[in-house]
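**Q** Here's a sequence, model it:
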Amino acid sequence: MTCLATESAIAEITKRPWEIAAHNITGQLGLPPDTKIHLLRRYSQAWDKAGGLLVTYTLTNLDPFNAIEIGALSIPLVFQGRWDGLTLEQMAQQSTFTDMHLGAHHGWVSVTRMTGRGPVLLLLPENGTSFEAWRSGREDAANAGPLWTPHIMLHSASYRELEWSAGGEPWNPPSSQLVPPNSSYTFGFRLLTAPSIRDRDANLLAAGKVVVHGVPGYTIATDMDAQLLVTLPEAISHISGIDVVPKGAISIGTPQQARPSAQWVVPLKGLHHGRCRVDLQFSDGSSLAVHYFVLPPFKAHVDNFGAFLADWAWLGSEQGVDPFGRTHSVMPWDRDVQTHVMQDPRAFVVGLSDEAGAAANVALAVKARHSPTREQAARLDEYIQRTLWGVEQDIPFPVSLQDHATGGIRASLFWVPTPGTSEEPMPGYTYKASSLSGWIWNRTRAVESLGRAYNYPHQTAVYHSMYHLAADNDLAPSQRPATWYLQQAAATIKGMWTVAKWYTQFGLMAGTVFREVLRDLELEGLHEDAAMVRDIMHNRTAVGFVYNSSSPCPEPPGPCSCSQAASGHFLYSCRPWKANDFPFGSEFAWDSTGQEEIYIWGRYFGKDEVAATALDAILAFMPNVPNWAYNGAALGIGDFSNNAKITPCGGWERVLQHYRAGLNAIPLLEEYRASPHGNVHLLLTGLGAVAGQLTNLDLQGQPSMGFHGDPAVMRHDPYSGDFGIGFYGHTHNAGAYLLYKQLGVEWLCFLCNHVVISQDSSSANALPSSHMPRPVDTVIRMTPRDSYHQRIYIQPLGLYLLAEAGEFDSLQIDFGSRTANVSFRALEGTLTSRHRMRVETPGSSQMHGPTKLEAPVREEFPEEGMQVGPDVKDRQTLADDIFKSDAANPDRQILNSDVGFLEMMRFKGALPEVLNSRLAMLGFFWAVIAEQLTGKNLFEQVKSQPLLIVTTVVLITVASAIPFYKGVRRSGNSVFTPDAELWNGRLAMLGIVAVIINTWNRGSIF
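**A** Predicted structure coming up:
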């Protein structure tokens, strides 16, 4: 039963005094005339503090003898979600996104402008109404097209029995409603607005809805201490019961109230792999459904994936030489039949380029960079040397994926002859009939086409990952020097700018890698390549650019004006992102793929409005929902059509936990780390996407491109598709986050476990609101539980620790003494003999917002001992942390502050700082000694020994200038001993005092 018809089917009826309007809408149901059902709809204002508009429906069974069972009941969400035929500017003004929380009595629907700015419309269930399911509405003939009007379902039993019978387990138990004879059934909704996306929860509470937040989210691992934070509205006093479906999937601890607030903390522990639902019952008889996915420990899960890529999915020469040149690569996979996908009518899916073709090798690259095995490192290098850059010779048309002359990336190595032409097929190759029709490309279109800019970040990420693998792991096998791979990454970017400017007016998927390449070029001192990359990105961001193309001018024109030149080519003049209010197109009219890179370069070049526009747009299509599949799942339509195996209705279906989620988490988490005060919504949404990507991996490590949320399907797609692009985002973001006094709880650990070892609650400080709360006398021990154990963000300090080689085991922070003890995992079995850690402080001292990052501080040390390490400043105090080995346990490398005087004073470490302070100290002592021996004041000393004095001054001057010249380079990771330099400074100060006293006693002027 759906209310969807014309206005002629609506009859106005007498309204009650408190009502705004009332109608008989029985005619809207489209039922036979003799059906004994009567449906009224009434509008009234809500007079409670939440306010809004109440819409109440009363369905009456007029049959005096027979009950009526309502097997399905849905309401169409008729909000403007389409963008067919609109320009980007028109979409920004007119179009919206709709997201749903199928949370039973406490579910909701949110409607957000495409820009992410301005108020958010909320649709809430009232009068005991429950949000149970949704349907696309595609079966309605009047609702055809790629973007159907979705329906929220209050009852769905008949759909489950018929249309959805072949689908997977629904989100909630399907129900029906029995209406007795001469009886009525009332259901209803509240419509209200929240000031912004981030204010949604406060308005839900005011409207009497329970608000929940999952820690670390709704995708959890069996080694995590998870929590569900439950905030109750005034009308609900307590949680009356908790059930888990299926039983035993998650264990539930005893809920604890976080007094004096109305929030309850429910401990959770994942036990068994797969989907499950946690049903909470409350004192008022209402219920809330929260949907979880339980995984093995994330690190083991990703290690399993890496083994799958290097073994099962690897196409080696032992399987025969592929005539298209795809041997020595990771090929797409079909996990239903557990085999490679070698042919597809969509050539780009199996041609090693484009998103689906490139994704598997990108996944191998980023996995091998951060947690390499010898086999995975060798496979990655083999792909580069023999397929991406190298050429397989014993095939009919020897060619590499990357063109050597231009640096361009080919559209596909796989191709088919154009049907009905004289084109020759690949000699000796048997094509499947299904591969000869559809979205096919011939050899010219596939192999000779270099012009798709979207293909370039993927292979850049491959080179960049291999560079880090070789540079960070001294025992890793590599066929070239590390910098060769980095320069190949730069050459790929140059190739894009040379032959593939088309689409560079938009942000590119995984374009973050371009910034990472630029940073490493600067660190390696490759200044010419760095300047080239910086200029390209600056043109895209702030200047604009012009190029020629054979492609006709599009309509509407988009961000590039276009005119036809006398030569017949078309001249495109593209506005920079800073001059474009909504630069989020792609090969589609609108897309959720470019915001990631636009944010990155907006922040990098100080164009904060560009970054803010991108960030707000991401929040519009990337919801925070108590459901593992929707939480952080960036909206995208059409990718199943491009890359999937299951394509109902042409594949025009939202992909849940698609690669868009993993990539768009990059801006959310970078923004959070730079400015965590008041921005926990960014963390919740971003980590929802980060963890959600791993639900696409099964227990054998086989990937899926995403989850089909269509209730007629409800399963992961069998094709690996473009999953690896999202895995790039997952890997870039993976890390543990320790939070203090956020979400109404004192300590929270996201993707980590924590223990409060000691705490003096009376000493907790209350800083002004412009500062983050900071604990004083507390000791916390945290253990990472993310995929790599290489990143830890300490929110009270704004401190970001990154292990570039090796892995963290645990971190103990003493906020009272301002020290942190870092334990590293043993290096046995790894490809490095040394740990290396980088320290960043991404935000400003008051945490007001992002600031430009300074060069990171890096530390490198062998496993058998740790040398004195970097001084670290938190946002309000100086952290006195320095490194030392733990002799009692050589497997643990510990940050500590106990270092002897002789150790601090030795000449070892970063030359500029050491030399500068040593020369200064010796200079002062030399002056004191000279005055004592000769009795001459400073003026007389200079006059009698000018050469010696001038030489000393020059040495000190040069020493002072060295830091500006040396910079920070990966090859020069020296040990910096902060306490030694403090001692030197103090001794130098004493030297000054001695000179003054000596001069005073002798009556000298100088």
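**Q** what's around residue 85, how many residues?
**A** Residues lying near residue 85 (other C-beta atoms under 10 Å) number 8. Bear in mind the C-beta positions are built from the backbone N, C-alpha and C, glycine included.
**Q** Now do the SS call for the residue positioned nearest the centre of the chain.
**A** The chain has residue 665 as the residue nearest its centroid, 2.2 Å off, counting by C-alpha atoms, centre = their mean. Using DSSP: H, G, I helix; E, B strand; the rest coil, the secondary structure recorded for residue 665 is helix.
**Q** Kindly report the same for the one 3 residues further on.
**A** For residue 668, the reduced secondary structure class is helix; criterion used: three-state DSSP.
**Q** Okay, now stretch 121-134: how far is its last residue from its first?
**A** The first residue of stretch 121-134 is 18 Å away from its last residue (C-alpha to C-alpha, to the nearest Å).
**Q** coming back round to it: if I look at the residue nearest to the centre of the chain, how far off is residue 312?
**A** 28 Å (C-beta to C-beta, to the nearest Å).
**Q** Same question for residue 461.
**A** Applying C-beta to C-beta to residue 461 and residue 312 gives a distance of 22 Å.
**Q** just residue 102 next, same as before
**A** From residue 102 to residue 312 the distance is 35 Å (C-beta to C-beta).
**Q** So for the two, which sits in the more crowded spot?
**A** residue 102 (23 against 16).
**Q** Could you report the neighbour count for the closest residue to the more buried one other than its chain neighbours?
**A** Leaving aside its sequence neighbours, residue 102 sits nearest to residue 171 (C-beta to C-beta, 6 or more residues apart in numbering; 4.8 Å). Residue 171 sits with 24 neighbouring residues when counted by other C-beta under 10 Å.
**Q** so what's residue 171 up against?
**A** Taking C-beta atoms under 8 Å, 6 or more residues apart in numbering as the criterion, residue 171 is in contact with 102, 132-133, 277, 289, 291, 627.
**Q** Which residue comes closest to residue 61 once chain neighbours are left out?
**A** residue 179 (4.3 Å).
**Q** List phi and psi for the one you found.
**A** Backbone geometry at residue 179, expressed as degrees, to the nearest 10, gives phi -110, psi 110.
**Q** okay but it is in contact with residue 66, surely?
**A** No: Residue 179 is not in contact with residue 66 according to C-beta atoms under 8 Å; the separation is 10.0 Å.
**Q** Just want to know which of the two has more residues nearby.
**A** The neighbour comparison of residue 179 against residue 66 (other C-beta under 10 Å) goes to residue 179, with 18 against 10.
**Q** Quick check: beta-bridge partners of the more buried one?
**A** residue 68 (DSSP bridges).
**Q** so who does it touch?
**A** Contacts of residue 179 by C-beta under 8 Å, 6+ apart are 59-61, 67-70, 185.
**Q** if I look at the nearest residue to residue 338 once chain neighbours are set aside, how far off is residue 419?
**A** Excluding the flanking residues, the one nearest residue 338 by C-beta to C-beta, 6+ apart is residue 702, at 7.2 Å. As for residue 702, its distance to residue 419 is 33 Å (criterion: C-beta to C-beta).
**Q** neighbour-wise, which of those two wins?
**A** residue 702 (22 against 10).
**Q** any idea how far the more buried one lies from residue 363?
**A** 12 Å.
**Q** buried ones in the lengthiest strand in the chain?
**A** Looking across the chain with DSSP state E, the single longest strand is strand 184-194. Neighbour-count burial for strand 184-194 flags 185, 187-194 (criterion: 16 or more other C-beta atoms under 10 Å).
**Q** The helix or strand just after it - contacts with which helices or strands?
**A** Going down the chain from strand 184-194, the next helix or strand is helix 200-206, by DSSP states H and E. With contacts taken as 3 or more C-beta pairs under 8 Å, 6 or more residues apart in numbering; DSSP states H and E, helix 200-206 sits against strand 120-126, strand 184-194, strand 211-215.
**Q** tell me the contacts of residue 77?
**A** Per C-beta under 8 Å, 6+ apart, neighbours of residue 77: 98, 109, 111, 123, 149-152.
**Q** and of these, the nearest to residue 323?
**A** residue 150 (45.8 Å; C-beta to C-beta).
**Q** How much space separates that closest one from residue 742?
**A** 33 Å.
**Q** Give me the below-cutoff pLDDT ranges for the stretch 301-450 of the chain.
**A** Flagging of the stretch 301-450 of the chain using pLDDT under 70 yields an empty set of residue ranges.
**Q** Let me know the helix or strand that residue 802 is in.
**A** strand 799-805.
**Q** how far away is the spatially closest residue to residue 369 that is not a sequence neighbour from residue 386?
**A** Nearest residue to residue 369 in three dimensions, chain neighbours excluded: residue 465, at 3.9 Å (C-beta to C-beta, 6+ apart). Note on residue 465: its distance to residue 386, by C-beta to C-beta, is 17 Å.
**Q** okay, these two: which has more neighbours?
**A** Taking other C-beta under 10 Å, residue 465 and residue 386 do not tie; residue 465 has more neighbours (28 against 19).
**Q** Please enumerate the strands of the stretch 451-600 of the chain.
**A** In the stretch 451-600 of the chain, the strands defined using DSSP state E, counting those that start in this stretch lie at 545-549, 560-564, 570-574.
**Q** burial measure for residue 195, as a count.
**A** Residues near residue 195, counting by other C-beta under 10 Å: 12.
**Q** thinking it is in contact with residue 122, fair?
**A** No: using C-beta under 8 Å, residue 195 is not in contact with residue 122; the gap is 11.4 Å.
**Q** re the thing from before, return the members of the contacts of residue 179 classed as buried.
**A** Buried members of the contacts of residue 179, scored by 16+ other C-beta under 10 Å, are 59-61, 68, 70, 185.
**Q** With distance to residue 811 and pLDDT as added columns, please give these in JSON lines.
**A** Shown next, in JSON lines, are these (distance: C-beta to C-beta, whole Å; pLDDT from 0 to 100):
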{"residue": "59", "distance to residue 811": "58", "pLDDT": "97"}
{"residue": "60", "distance to residue 811": "64", "pLDDT": "98"}
{"residue": "61", "distance to residue 811": "64", "pLDDT": "97"}
{"residue": "68", "distance to residue 811": "62", "pLDDT": "96"}
{"residue": "70", "distance to residue 811": "56", "pLDDT": "96"}
{"residue": "185", "distance to residue 811": "56", "pLDDT": "98"}
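**Q** can you name the two of the residues you listed that are farthest apart?
**A** 60 and 70, at 12.1 Å, using C-beta to C-beta across the buried ones among the contacts of residue 179.
**Q** Could you pull out the residues contacting both of these two?
**A** 179, 185.
**Q** what ranges do the strands span in the stretch 751-900 of the chain?
**A** 752-759, 778-784, 791-794, 799-805, 808-814, 819-824, 834-840, 857-862, 872-873, 878-879, 882-885, 893-896.
**Q** Surely residue 375 forms part of a helix?
**A** Yes: counting by three-state DSSP, residue 375 falls inside a helix.
**Q** isn't it right up against residue 308?
**A** No: using C-beta under 8 Å, residue 375 makes no contact with residue 308, being 11.9 Å away.
**Q** Specify which residue of the two has the higher count of neighbours.
**A** residue 308 (25 against 15).
**Q** thinking again about what came up before, I'd like to know which of the helices and strands packed on helix 200-206 is closest to residue 473.
**A** Of the helices and strands packed on helix 200-206, nearest to residue 473 by C-beta to C-beta is strand 211-215, at 33.3 Å.
**Q** All set, thanks.
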